[in-house]
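J.: mind folding the following:
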Amino acid sequence: MSFTSQTIIGASRTFQFFFSEAFLGQHFEAVELEKNDPEPGDLFLFRLQSPTGRWCGAHVGVYCGHREIIHFEGKIPGSCGPHNFLGSWEGVVCKQGQGPMLRSRSLWRVLRRRGGINRTLLELRVREAMDTDPPPYHPTRNNCVHFALHLLGLDRNPNSASVDLKLSMG
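T.: Have a look, this model is predicted:
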């Protein structure tokens, strides 16, 4: 199995997001839900755990307002070996109520973009995501992080998984 440059770039951008934002807070700040109501554009990061219960990453969803979170995930194929794990899967866009999402997943943290977001763009992209067939999901090239940053307008090209946080941080 060979890794393409798109896979490497996608993986590095996902890692860049988690390192620079979830851990260092360069462009986003952590929000405590006990003290603040969520705002449209807030990123909800949920812990992903291995079958043995170890932390192995995070799933990202975007708060849309009206107590709803939109997120993107892959529909795992029936036979899931190493080859299938690193391949593309059917992409699924879901919009769920905040309460059910918090009850069914383990919330790690909520991040809010410093300086805010373009809410009109977010609403437009959420409608678009709900009304069109989702792209294939890929764990490194096109995942929940890429989807969330696209909704917030923080990607270079809406048809690619390339994410550059510096473009919209002017």
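J.: can you tell me the helix or strand for Val92?
T.: The secondary structure element spanning Val92 is strand 90-97 (assigned by DSSP states H and E).
J.: for that strand, which positions count as buried?
T.: For strand 90-97, burial by neighbour count (16 or more other Cβ atoms under 10 Å) applies to Gly91, Val93, Lys95, Gln96. C-beta here means a position set from N, CA and C on the backbone, and glycine is covered the same way.
J.: list just the nearest of those to Asn142.
T.: Set against Asn142, the nearest of those by Cβ to Cβ is Gly91 (7.3 Å).
J.: what ranges of the protein fall below the confidence cut-off?
T.: 1-15, 17-24, 77-86, 156-170 (pLDDT under 70).
J.: that one: helices as residue ranges?
T.: Counting by DSSP state H, the chain has helices at residues 5-17, 82-85, 98-104, 119-131, 144-151.
J.: and the lengthiest strand in the chain, what's buried?
T.: In the chain, taking DSSP state E as the definition, the longest strand is strand 55-65. By 16+ other Cβ under 10 Å, the buried positions in strand 55-65 come out as Gly57, Ala58, His59, Val60, Gly61, Val62, Tyr63, Cys64.
J.: what does the strand holding Val92 rub up against?
T.: By Cβ atoms under 8 Å, 6 or more residues apart in numbering, the residues outside strand 90-97 that reach it are 61, 64, 67-75, 126, 129-130, 134-137, 142, 147.
J.: now do it against helix 144-151, angle only.
T.: Interaxial angle, strand 90-97 versus helix 144-151 (axes from the mean of the first three to the mean of the last three Cα atoms, to 10 degrees): 70 degrees.
J.: just give me how far strand 90-97 sits from the chain centre.
T.: For strand 90-97, the distance between its averaged C-alpha position and the chain's averaged C-alpha position is 11 Å (Cα atoms, centre = their mean, to the nearest Å).
J.: count of residues packed around Asp42?
T.: Neighbour count of Asp42, defined by other Cβ atoms under 10 Å: 23.
J.: who's in contact with it?
T.: For Asp42, the set of contacting residues under the criterion of Cβ under 8 Å, 6+ apart consists of Val31, Val62, Tyr63, Val110, Leu111, Arg112.
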